[in-house]
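Novice: fold the following and give me the result.
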Amino acid sequence: MPYHGDTFGAMALGERNIFNESFEKLMFPVKRVPWPSTWIGDEDVEKKEKVSIEKLCELLKQPTVAVIAEPILQGAGGMNMVRPAFIKKVSELVSNHNSLLIADEVMTGFGRTGSLFAFQQAKIEPDLIAISKGLTSGFLPMGITLSKDKIFQSFVSDSPEKTFWHGHSFTANPLGCAAANASLDLLENEPNKYLKFEEKHLFLINKLNHLPFVKKVRICGTIIAFDLEIGANSGYLNTIGKKIKKLAIEKGLFIRPLGNVIYLLPPLCITDNQLEISYEIIHDILLTL
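Specialist: Just a heads-up that it's a prediction; the model follows:
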């Protein structure tokens, strides 16, 4: 259930929901596999993974062009995390059925999940990789699609009919490229900024674990998320997130809950003290609910 921008072709890949279901008739059909979301203390993770793998095996019996997923972590879908071993199994199945595996690393790339790219944790090599936001740290828009050589070579020819004609007006924008180079230099010079970040979350989450309505705590690299069992609705339809966002801003913390999903996805330049204060603000707000 990955999220892929707002063009019709890209929207077709995402789950149908309040954001895109009005355009259902304009989108091409796709098949979906359950995402076996897991969290700390999840006792059913193996059962959920088994169901997902069985569904994927069934779908792959039909000729399949490609399987696309956000490796390890779904962002807009609710900060839903899976185990690297599951992604590895998916990759093996896709390869065995001569399909392509596309890794959407727009959100997960550049250290967000504790490794430079999320797919590396599963020890796989996707056929295509989409990267974007982390290239420039969000300073300027820029995106790149990486592909295996066998795909690239299919467009190499003297015949114009083989050319991949798609392009954008601002392809290789000079300012965007300069920002990306600067951002990558910072990332390469200080890899510990993301390699050791998870340890900080594991320590600080103790400030929230004791609250009875904090459920499904999950941590992946620089990201921590949990569900609030407050209200009848889950996801974006739960209004508790808007209330918490307003209270947090008043205390000097900008967060963007996904309905009842509260998460921290801090910039790598955040200090230990700033991260601790963020937890304290969230803790104090939750005590008032």
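
Novice: residue ranges of the strands in this structure, please?
Specialist: For the chain, the strands defined by DSSP state E cover 66-69, 73-74, 80-81, 100-104, 128-131, 144-147, 214-220, 223-228, 261-264.

Novice: now render these as CSV, adding mean neighbour count.
Specialist: Just so you know, the C-beta spots here come from the backbone N, C-alpha and C atoms, and that holds for glycine as well. Formatted as CSV, the strands of the chain follow (neighbours: other Cβ atoms under 10 Å):
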stretch, mean neighbour count
strand 66-69, 19
strand 73-74, 22
strand 80-81, 22
strand 100-104, 23
strand 128-131, 20
strand 144-147, 14
strand 214-220, 19
strand 223-228, 24
strand 261-264, 21
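
Novice: okay, those in CSV with mean pLDDT and distance to residue 34 next?
Specialist: Listed next are the strands of the chain as CSV, based on pLDDT from 0 to 100; distance: least, Cβ to Cβ, whole Å:
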stretch, mean pLDDT, distance to residue 34
strand 66-69, 96, 12
strand 73-74, 95, 12
strand 80-81, 98, 11
strand 100-104, 97, 17
strand 128-131, 96, 22
strand 144-147, 94, 27
strand 214-220, 97, 16
strand 223-228, 97, 18
strand 261-264, 97, 18
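
Novice: what would those look like in JSON lines with distance to residue 284?
Specialist: Formatted as JSON lines, the strands of the chain follow (distance: least, Cβ to Cβ, whole Å):
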{"stretch": "strand 66-69", "distance to residue 284": "37"}
{"stretch": "strand 73-74", "distance to residue 284": "27"}
{"stretch": "strand 80-81", "distance to residue 284": "26"}
{"stretch": "strand 100-104", "distance to residue 284": "35"}
{"stretch": "strand 128-131", "distance to residue 284": "37"}
{"stretch": "strand 144-147", "distance to residue 284": "41"}
{"stretch": "strand 214-220", "distance to residue 284": "14"}
{"stretch": "strand 223-228", "distance to residue 284": "15"}
{"stretch": "strand 261-264", "distance to residue 284": "13"}
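
Novice: among those, which comes closest to residue 175?
Specialist: Nearest of the strands of the chain to residue 175, taken as Cβ to Cβ: strand 144-147 at 15.5 Å.

Novice: run through the neighbouring helices and strands of the closest one.
Specialist: Other helices and strands packing on strand 144-147, by 3 or more Cβ pairs under 8 Å, 6 or more residues apart in numbering; DSSP states H and E, are strand 128-131.

Novice: so which bits of stretch 116-134 are buried?
Specialist: Going by neighbour count (16 or more other Cβ atoms under 10 Å), the buried part of stretch 116-134 is 116-122, 124, 126-134.

Novice: likewise stretch 79-91?
Specialist: 79, 80, 81, 82, 83, 84, 86, 87, 88, 89, 90, 91.

Novice: cool, stretch 133-143 as well?
Specialist: Quick answer for stretch 133-143 (16+ other Cβ under 10 Å): 133, 134, 135, 136, 137, 140, 142.

Novice: number of nearby residues for residue 186?
Specialist: Residue neighbour count, defined by other Cβ atoms under 10 Å, stands at 12 for residue 186.

Novice: and what of the one 10 residues further on?
Specialist: Residue 196 is surrounded by 11 other residues when neighbours are defined as other Cβ under 10 Å.

Novice: farthest-separated two in the buried residues of stretch 133-143?
Specialist: Once Cβ to Cβ is applied, those give 134 and 140 as the farthest pair, at 12.3 Å.

Novice: flag the shaky bits of the chain, pLDDT-wise.
Specialist: For the chain, the stretches with pLDDT under 70 are 1-6.

Novice: pop the domain breakdown of it in here.
Specialist: As given by automatic domain parsing, the domain ranges for the chain are 31-189, 196-288.

Novice: and the strands of the chain: which comes nearest residue 37?
Specialist: Of all these, strand 80-81 sits nearest to residue 37, with 4.0 Å by Cβ to Cβ.

Novice: what packs against the closest one?
Specialist: Using 3+ Cβ pairs under 8 Å, 6+ apart: strand 80-81 touches strand 73-74.

Novice: looking at the domains of the chain, which is closest to residue 7?
Specialist: domain 31-189 (11.8 Å).
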